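> pasting the structure only:
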């Protein structure tokens with residue numbers, strides 16, 4: 001394995017760890033709002049962090065934001081992408097959409 005590959009993996013690992021820390025902070029902040037249910041917090045965090053809510057609910061068996069923290073903390077960096085939502089940029093999306101005939 002070359003140095004560039006190792007460096008990219010380390011950078012990815014730190015990026016995911018940073019994201020996990022941000023998600024945890026967001027959950028704790030939202031939990032202070034007594035008007036939100038745990039399920040609402042779970043939905044908000046997944047949506048804002050571009051995580052696949054359905055896959056995470058299936059993996060966890062619930063929509064608990066605190067279970068989410070534990071779960072994503074245990075994921076390996078190569079597993080994390082399985083639970084993220086792929087976001088297409090507008091150029092990619094426009095290429096995949098049939099354009100109407102003019």
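Okay, I see it. Source: prediction; values computed, not measured. Residues are numbered from 1 along each chain as shown.
> now the end-to-end length of stretch 25-39.
Using CA to CA, to the nearest Å, one end of stretch 25-39 lies 17 Å from the other.
> ok, residue 71 - contacts?
By CB atoms under 8 Å, 6 or more residues apart in numbering, the contact list for residue 71 reads 56, 59-60. C-beta coordinates here come from the backbone N, C-alpha and C atoms, glycine included.
> and it, helix, strand or coil?
helix (DSSP: H, G, I helix; E, B strand; the rest coil).
> how much space is there between the residue nearest to residue 36 when sequence neighbours are not counted and residue 22?
Using CB to CB, 6 or more residues apart in numbering and skipping the chain neighbours, the partner closest in space to residue 36 is residue 30 (5.8 Å). Separation of residue 30 from residue 22 (CB to CB, to the nearest Å): 12 Å.
> okay, those two: which has more neighbours?
Ranked by neighbour count (other CB atoms under 10 Å), residue 30 and residue 22 place residue 30 first, with 17 against 13.
> surely the more buried one meets residue 41?
Yes - the pair residue 30 / residue 41 is scored as a contact, 4.6 Å apart, by CB atoms under 8 Å.
> who touches both of those two?
By CB under 8 Å, 6+ apart, the residues touching both residue 30 and residue 41 are residue 65.
> just to revisit the earlier point, and the next element down the chain from the helix or strand the residue nearest to residue 36 falls within?
Element membership for residue 30, per DSSP states H and E: helix 3-31. Moving toward the C-terminus from helix 3-31, the next helix or strand (DSSP H and E) is helix 38-48.
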